[in-house]
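Trainee: Sequence and predicted structure, then a few things I'm wondering about:
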2 protein chains.
Amino acid sequence: MSTPEALTAYLHANIPLTAALAARVVAFDGSRMEIAAPLAANRNHRGTAFGGSLATLGILGGWSLLSTALRAEGLDDVHIVVQHSDCDFREPVTADFTAISTVPDAEWPRFVTALRRRRRARIEIETQISADERVAVVHRGRYAAFIETLT
Amino acid sequence: MSTPEALTAYLHANIPLTAALAARVVAFDGSRMEIAAPLAANRNHRGTAFGGSLATLGILGGWSLLSTALRAEGLDDVHIVVQHSDCDFREPVTADFTAISTVPDAEWPRFVTALRRRRRARIEIETQISADERVAVVHRGRYAAFIETLT
């Protein structure tokens, strides 16, 4: 999953709801993940974006970023679980939208060290969802990461 | 939308993501809403339920309950918006699941009175999602309701 296209294909094949969202990974590196989604597939009865779609994109963005950022650290077989999702809907979303998730720089080294040392650690990832160049939704996900050991 | 089947059909037709979830309204009255979803349509790469599906069902359950409970009060044309979603994932969900949303009895009269008087009010609705008879996820949604007036 070294390209946005490969990661998108992986998500659609393995998490069917991401295909229903028509979520598409646009770009990522070790500290940032950008995922886009069209309004049409995610509309509600009012023609704006459905809250469930927005929260889902927040959860997905954080998980995808964590996954690729840990791989960039050489940690390939980490099981990542969302433990808590907090989603603040600030404005209605009336156009196609984009979720940008970012690694918290100050927390990251501590998290990676703890994960290597204790084989488990937690981190919070923030995702901002924008439409028409305005941030409409802020999602904060708390994720637990586990290095799996074959016994 | 006087029957669970009619409400399910309305949701699938107007909020496409609810059809992708294969969410199905099982039962409702003025104070409780039960919505079921199968694991298969909502699985993740580990074969457990995707966090996005679970958060979506929480948001949907609260919204649907609020909508039908206000109709039971004779308030038909209320615009309901989710403002905040808080979702606590306590255990992995490894089977088909059911979301039960309940009206907070103590808050309800105050909310309806405020809504009639000021044409807008807020309320928090809790939804518990269970699988195999265990509560695995607790969702708290804060919703704003507006009585719309034609001007």
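Mentor: Done, it's in.
Trainee: so how far is B:His45 from A:Pro92?
Mentor: A:Pro92 sits 32 Å away from B:His45, going by Cβ to Cβ, to the nearest Å. In short, each C-beta sits where N, CA and C put it, glycine included.
Trainee: Which strand runs longest in chain A?
Mentor: When chain A is scanned for its longest strand (criterion: DSSP state E), the result is strand A:134-147.
Trainee: Let's check: the centremost residue of chain A is which one?
Mentor: A:Gly61 (1.2 Å; Cα atoms, centre = their mean).
Trainee: packing partners for the helix or strand encompassing A:Val81?
Mentor: Secondary structure assignment for A:Val81, by DSSP states H and E: strand A:78-89. Secondary structure elements in contact with strand A:78-89, counted by 3 or more Cβ pairs under 8 Å, 6 or more residues apart in numbering or on different chains; DSSP states H and E, are helix A:51-72, strand A:134-147, helix B:51-72, strand B:78-89.
Trainee: can you give me the angle the second one makes with strand A:78-89?
Mentor: What it means is strand A:134-147. Using axes from the mean of the first three to the mean of the last three Cα atoms, to 10 degrees, the direction of strand A:134-147 lies 160 degrees away from that of strand A:78-89.
Trainee: Can you spell out which helices and strands pack onto strand A:134-147?
Mentor: Short answer (3+ Cβ pairs under 8 Å, 6+ apart): strand A:134-147 packs on helix A:51-72, strand A:78-89, helix A:108-118, strand A:120-131.
Trainee: Can you point out the buried residues in that strand?
Mentor: A:136-137, A:139-145, A:147 (16 or more other Cβ atoms under 10 Å in any protein chain shown).
Trainee: Next: the last one.
Mentor: Residues of strand B:78-89 classed as buried under the neighbour-count rule (16+ other Cβ under 10 Å) are B:78, B:80-82, B:84-87, B:89.
Trainee: hmm, back to that, and the helices and strands packed on strand A:78-89: which comes nearest A:Ala23?
Mentor: Comparison of the helices and strands packed on strand A:78-89 against A:Ala23 by Cβ to Cβ identifies helix A:51-72 as nearest, at 6.4 Å.
Trainee: on that earlier part again, which of the helices and strands packed on strand A:134-147 has the highest mean neighbour count?
Mentor: Comparing these by mean neighbour count (mean count of other Cβ atoms under 10 Å in any protein chain shown), helix A:51-72 comes out on top with a mean of 26.
Trainee: before we move on, back to that, only alpha carbons, please: show the longest strand of chain A as CSV.
Mentor: Included here for strand A:134-147 are C-alpha records, laid out as CSV according to Å, rounded to 0.1, in the frame of the first residue of the first chain:
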residue,chain,number,x,y,z
ARG,A,134,-14.0,25.7,5.4
VAL,A,135,-13.4,23.3,8.3
ALA,A,136,-16.9,22.0,9.1
VAL,A,137,-16.2,19.0,11.3
VAL,A,138,-13.5,18.2,13.8
HIS,A,139,-13.0,14.5,14.8
ARG,A,140,-10.8,13.3,17.6
GLY,A,141,-10.2,9.5,17.7
ARG,A,142,-8.4,7.7,20.5
TYR,A,143,-6.7,4.6,19.1
ALA,A,144,-5.0,1.7,20.8
ALA,A,145,-2.1,0.0,19.0
PHE,A,146,-0.9,-3.6,19.7
ILE,A,147,2.2,-5.3,18.4
